[in-house]
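*Asks:* okay, sequence plus prediction incoming.
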Amino acid sequence: MTEAYRVGDELPPLEIPLTRTLIVAGAIASRDYQDVHHDAELAREKGSPDIFMNILTTNGLVGRYIADHFGPAAVLRKVAIRLGAPNYPGDVMRLSGHIASLEDGEHPLIEVAVVGENRIGRHVTGKVTVAITGEGGA
């Protein structure tokens, strides 16, 4: 089933506008009530120019990027990410990735190296392992 994929294949990039609403909603949805994710004044008092995205929202967006690319037959098995430059409101995060490894089997495993960048640098880097189950797809 992995015949359609090759190590080194690039995934099409995904650009995500970083709105204040996205940042706050992501923090609330993940029950992260740290003030730096929703209160600009308190974030500035703590040394940040504005509120910034939390890691759980980033993790969800990385998962969305991979799941959207591989479709409904894909099951995320592992998401391992590291944060870098903050995601601030008004910027755009551009996710890109390439296939780092393939493993055939009943449910083939594909490891994708992912990078998310914004205007100040790399926001997220990591690897996502996805199993292609063959179920639920078109």
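*Replies:* Received, thanks. Keep in mind the model is a prediction, meaning the values are calculated, not measured.
*Asks:* now Val128: which helix or strand?
*Replies:* Using DSSP states H and E, Val128 sits within strand 121-132.
*Asks:* list the contacts of Asp32.
*Replies:* The contact partners of Asp32, by CB atoms under 8 Å, 6 or more residues apart in numbering, come to Asn54, Leu56. Using the backbone N, CA and C atoms, a C-beta is placed for each residue, glycine as well.
*Asks:* and with 10 Å instead?
*Replies:* Gly26, His38, Asn54, Ile55, Leu56, Thr57 (CB atoms under 10 Å, 6 or more residues apart in numbering).
*Asks:* so for the host helix or strand of the last one, mean pLDDT?
*Replies:* Read that as Thr57. Assigning secondary structure by DSSP H and E places Thr57 in helix 55-70. The average pLDDT within helix 55-70 is 97.
*Asks:* any idea of the angle it forms with strand 121-132?
*Replies:* If you take axes from the mean of the first three to the mean of the last three CA atoms, to 10 degrees, helix 55-70 sits at 50 degrees to strand 121-132.
*Asks:* name the residues of the following helix or strand past helix 55-70 that are buried.
*Replies:* Using DSSP H and E, the helix or strand that follows helix 55-70 in sequence is strand 74-83. Within strand 74-83, the residues that count as buried by 16 or more other CB atoms under 10 Å are Ala74, Val75, Val79, Ile81, Leu83.
*Asks:* for stretch 29-48, same thing?
*Replies:* For stretch 29-48, by 16+ other CB under 10 Å, it's Val36, His37, His38, Ala43.
*Asks:* now do Arg82, the pLDDT please.
*Replies:* On pLDDT, Arg82 comes in at 98.
*Asks:* list the contacts of it.
*Replies:* Going by CB under 10 Å, 6+ apart, the list of residues near Arg82 reads Ile55, Arg122, Val124, Thr125, Gly126, Lys127.
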